[in-house]
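Sharing a model that was predicted from the sequence below.
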Amino acid sequence: MITILSGGTGTPKLIQGLKNIVDAEDINIIVNTVENDYFSGVYVSADIDTVLYTLSDIINEDLWYGIKDDTFITNERLGEIGSPELLRIGDKDRSTKIQKTLLLKDYSLTEAVDIQRKGLNIKSKVYPMSDEDSEIKILTDKGEMEFHDFLIKEQMKPEVLDVIYSNVKPAPEIINTIQNSDIVIIGPSNPITSILPILKLDGVIDALKSTYVVGVSPIVGGSAVSGPANKFMNALGYETSSYGIASIYKSFLNKMVIDLKDENLKSEIGKIIPEVTVTNTIMKTMEDKKNLAKNCLKKI
């Protein structure tokens, strides 16, 4: 059994490769929820939906958000009548979000996601990290901000001073899923806003210490492959490098996968992580995604 800890950009690419080389029923995905919120009256769990769309082969691969070939009639009309959306939500994508909003009146988030997973004929299991309302605040030189305000309204420009997480309980299946896994993969998502919220849940790190854990660095050559990971890592005192990623995960990581551009860091990382694999981690093609997945699954 393989479990993946995921955010919404880099890791779904790895999931896409993984599901092409192993049985989908052997894959569990635990997904960050701190960015979940209501927009235009619907519950948006962007990272979860990205994972669902990836597993059902309908993801918009240009953005790694939303559904491919979607239309934006509702989004555009809302702008025309004076209610522009902070997030650009497609019409088909909005249907998923409307359904989830309605389901949450009677079901937990875990149950709602499972209903949608089955509706999309997905064989892999998808778990939100928590059923409780979880959030993340970005403390900047302009004051405290909601994550999406920082990301979209402010275009990630303010200086980040700290990242503040809400204290929530793990969803019911999370700890057992990790403990019963043959391997856990920490995907190449933003370590501060996507992965750390999962790691901070009670019992998660202890569970990770009981199994074999592989981490894929989202930092290549000193820069994040996508998103503002650099600012967040610096704010929390971590070096923006694959070594910095290894420092975050060192208490439970058995193996670190880094990019060819970071081969010079292999020996330093090897001082804190038992095994270090150097390979191409930039996933432009399906072959890239499958090869990275194969490297993650290799054990000494």
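Thanks, I have the structure now.

How much space separates Glu146 from Lys231?
Per CB to CB, to the nearest Å, Glu146 is found 16 Å from Lys231. No exception for glycine: its C-beta is placed from N, CA and C like everyone else's.

Who has more neighbours out of the two?
Lys231 (22 against 16; other CB atoms under 10 Å).

which outside residues touch the helix or strand in which the more buried one is found?
For Lys231, the host element (DSSP states H and E) is helix 229-235. If you take CB atoms under 8 Å, 6 or more residues apart in numbering as the criterion, helix 229-235 is touched by 156, 159-163, 190-193, 218-219, 223-224, 239-240, 244.

Give me the buried entries from these.
160, 163, 190-193, 218-219, 224, 240, 244 (16 or more other CB atoms under 10 Å).

Pull out the CA atoms of the helix holding Lys231 and give them to me as PDB.
C-alpha atoms of helix 229-235 as PDB (Å, rounded to 0.1, in the frame of the first residue of the first chain):
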ATOM      1  CA  ALA A 229       7.800  28.300  -1.200                       C
ATOM      2  CA  ASN A 230      11.000  30.400  -1.100                       C
ATOM      3  CA  LYS A 231       9.300  33.200   0.900                       C
ATOM      4  CA  PHE A 232       7.600  30.800   3.300                       C
ATOM      5  CA  MET A 233      10.700  28.700   3.900                       C
ATOM      6  CA  ASN A 234      12.800  31.800   4.600                       C
ATOM      7  CA  ALA A 235      10.200  33.100   7.000                       C
END
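
Most remote residue from the middle of this protein, which is it?
Ile81 (33.8 Å; CA atoms, centre = their mean).

so what's the backbone phi/psi at it?
Here is the backbone geometry of Ile81 (degrees, to the nearest 10): phi -100, psi 10.

so where's this structure uncertain?
222-228, 300 (pLDDT under 70).

show me where it has strands.
2-6, 27-31, 37-39, 42-44, 125-128, 136-140, 143-146, 160-165, 183-186, 213-216, 219-220, 223-224, 255-259, 275-279 (DSSP state E).

and the second one, which strands flank it?
Just to be clear, that refers to strand 27-31. strand 2-6 (parallel), strand 125-128 (parallel) (DSSP bridges).

Check the offset of the shortest one from the chain's centre.
Between the mean C-alpha point of strand 125-128 and the mean C-alpha point of its chain there is a distance of 12 Å (CA atoms, centre = their mean, to the nearest Å).

cool, and the first one?
From the chain centre to the centre of strand 2-6 is a distance of 9 Å (CA atoms, centre = their mean).

Would you indicate which residues of it are buried?
Judged by neighbour count (16+ other CB under 10 Å), strand 2-6 contains these buried residues: 2-6.

Stretch 209-219 too?
Buried residues in stretch 209-219 (16+ other CB under 10 Å): 211, 213-219.

Could you do stretch 68-76 as well?
So stretch 68-76, judged by 16+ other CB under 10 Å, has buried residues 70, 72, 75.

contact partners of that stretch?
Residues outside stretch 68-76 that contact it (CB under 8 Å, 6+ apart): 58-62, 85, 88-94.

how near is the residue nearest to Ser108 when sequence neighbours are not counted to Leu87?
Distance criterion CB to CB, 6 or more residues apart in numbering; nearest residue to Ser108, sequence neighbours excluded, is Asp131 at 4.4 Å. Remark: distance between Asp131 and Leu87 (CB to CB) = 22 Å.
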